[in-house]
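In: sequence below, structure please.
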Amino acid sequence: GVAGELAAGRFGLISQGGTDLAALGARIVEAAGEATTVATRSLALEEDGLTPLQRTRALRHALACFTRDGTDALEREGFADGLSGFVTAAYARAVWLRQAIADRRFRLEFQPIVALGSGETHHFEALLRPAADHAQPLQDAQEFVTFAETAGLSEELDWAVLSAVCAAARRARNTRIAANLSGLSLQSPAFRDRLLGLLDAEPLLPHRLLFEITETAEIEDEAEAVRTVEALRARGLPLCIDDFGAGAAAFRYLRAFRVDFVKIDGLYVAAAARGDQDRGIVAGMVDLARTVGARVVAERIETEAEAAVMRSLGIDYGQGFLFGRPGPLPGQG
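Out: Have a look, this model is predicted:
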């Protein structure tokens, strides 16, 4: 089979013919010592009644859940009954999510991105915050977004969030606001036409917006995504690759898309403040970004020591609790 580490201490195995995971777990405990604990979960990839696309989406969601929260997350998402169990549970959640998007059951908070040299605010990032409701099936922003991608609702969610960002941008005259844009929306001709129609109808909006290209769902139709990127750039709208380094696709995006900013994932920022090797990795990312003419943003800066390291590496901008927590957009309450 094929095995890989998905996160610290969490591994995935794809095999044909089945693998006795309980026995494999026992062998790991035997090799690592009795203090080690191992939990396993298997999923059959061949499910009657599911299309290949449904199986692929279900598996992607299972991997994301397991990577984030381990085997307990699989139980919560309905995978106890396999991929088809998840699809059944997902249908009910998708109905709820579609209505939640239509009803705008979310709010936006805004976090400043500052120039590391001067400390002046360069722009704000709009962050999605689902409405607080303990009865809802999706509890946090990451679940909201990743499930929207799984359920094929990314374009609806992106448009709803963009509409709210545009409303804020119209009121904030001298402030640029960054909105996240899923790769699924970026590669959609219908979404592109709708977006360009909005920008052409309001020529001031491109001067008040910035788009961050997210990697939670990988872009498959790169040619269509390039058309969208070039059309946005032609209208003077800056673009940023978000969470650079968090996944392999970001490096492909850097090659394929002309962007103005690259935002380095916060895990690398924290690690760079602790060791020379990780600092060298971040320095390499900065060099890559500069090769394509992009400026660099470091996210999740929480201490002055981390900010000092980022400055020493020549990083242009910083985002994190050190500079301001997410909250209302200044001047709008």
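
In: every contact and neighbour count from this point should use C-alpha atoms.
Out: Will do.

In: quick check: next helix or strand after the helix of greatest length in the chain?
Out: In the chain, taking DSSP state H as the definition, the longest helix is helix 82-102. Tracing the chain past helix 82-102, the next element assigned as helix or strand by DSSP states H and E is strand 106-115.

In: now do the following helix or strand past that next one: distance to the chain's middle.
Out: Downstream of strand 106-115, the first helix or strand assigned by DSSP H and E is strand 121-130. Here strand 121-130 is found 14 Å from its chain centre; the criterion is C-alpha atoms, centre = their mean, to the nearest Å.

In: strand 121-130 pairs with which strands?
Out: Counting by DSSP bridges, the strands paired with strand 121-130 are strand 106-115 (antiparallel), strand 177-181 (parallel).

In: ok, back up a step: packing partners for the longest helix of the chain?
Out: Here helix 82-102 touches helix 52-69, helix 154-171, going by 3 or more C-alpha pairs under 8 Å, 6 or more residues apart in numbering; DSSP states H and E.

In: what does it contact?
Out: For helix 82-102, contacts defined as C-alpha atoms under 8 Å, 6 or more residues apart in numbering pick out 43-45, 47, 49-50, 54-55, 58-59, 77-79, 137, 148, 151, 153, 156-157, 160.

In: now do that helix, average pLDDT.
Out: Averaging the model's pLDDT scores along helix 82-102 yields 83.

In: alpha carbons of it, as CSV, please.
Out: Only the C-alpha atoms of helix 82-102 are listed here, as CSV (Å, rounded to 0.1, in the frame of the first residue of the first chain):
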residue,chain,number,x,y,z
GLY,A,82,-18.4,4.2,5.9
LEU,A,83,-18.4,6.7,3.1
SER,A,84,-22.1,6.1,2.3
GLY,A,85,-22.9,6.9,6.0
PHE,A,86,-21.1,10.2,5.7
VAL,A,87,-22.9,11.0,2.4
THR,A,88,-26.2,10.4,4.1
ALA,A,89,-25.3,12.6,7.1
ALA,A,90,-23.8,15.1,4.7
TYR,A,91,-27.0,15.5,2.8
ALA,A,92,-28.8,16.8,5.9
ARG,A,93,-25.9,19.1,6.7
ALA,A,94,-25.8,20.4,3.1
VAL,A,95,-29.5,21.3,3.3
TRP,A,96,-28.8,23.2,6.5
LEU,A,97,-25.7,24.9,5.2
ARG,A,98,-27.4,26.1,2.0
GLN,A,99,-30.1,27.7,4.1
ALA,A,100,-27.5,29.1,6.5
ILE,A,101,-25.7,30.8,3.6
ALA,A,102,-28.9,32.1,2.1
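
In: specify the angle between that helix and helix 52-69 in degrees.
Out: 80 degrees (axes from the mean of the first three to the mean of the last three C-alpha atoms, to 10 degrees).

In: least confident of the helices and strands packed on helix 82-102, on average?
Out: When the helices and strands packed on helix 82-102 are compared by mean pLDDT, helix 52-69 comes last with a mean of 81.

In: list the helices and strands it packs on?
Out: If contacts are counted by 3+ C-alpha pairs under 8 Å, 6+ apart, helix 52-69 sits against strand 2-7, helix 71-76, helix 82-102, helix 141-150.

In: for A3, list each beta-bridge partner.
Out: For A3, the residues forming beta bridges with it (DSSP bridges) are L13.

In: ok, it - how many residues close by?
Out: 10 (other C-alpha atoms under 10 Å).

In: now swap in D140 and tell me
Out: The local packing of D140 (other C-alpha under 10 Å) involves 14 other residues.

In: ok, back up a step: nearest to F257, of the helices and strands packed on helix 82-102?
Out: Counting by C-alpha to C-alpha, F257 lies closest to helix 154-171 out of the helices and strands packed on helix 82-102; the figure is 19.8 Å.

In: ok, and what's touching that closest one?
Out: By C-alpha under 8 Å, 6+ apart, helix 154-171 touches 101-102, 104, 108, 126, 128, 145, 148, 175-177, 179-182, 184-185, 191, 205, 208-209, 329, 332.

In: give me the buried subset of the contacts of helix 82-102.
Out: Neighbour-count burial (16 or more other C-alpha atoms under 10 Å) is assigned, among the contacts of helix 82-102, to 43, 45, 54-55, 58-59, 77-79, 137, 148, 151, 153, 156-157, 160.

In: just the buried residues from the contacts of helix 154-171, in ChimeraX please.
Out: Selection of buried members from the contacts of helix 154-171 for ChimeraX, criterion 16+ other C-alpha under 10 Å:
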select :101,108,126,128,145,148,175,176,177,179,180,181,182,184,185,191,205,208,209,329
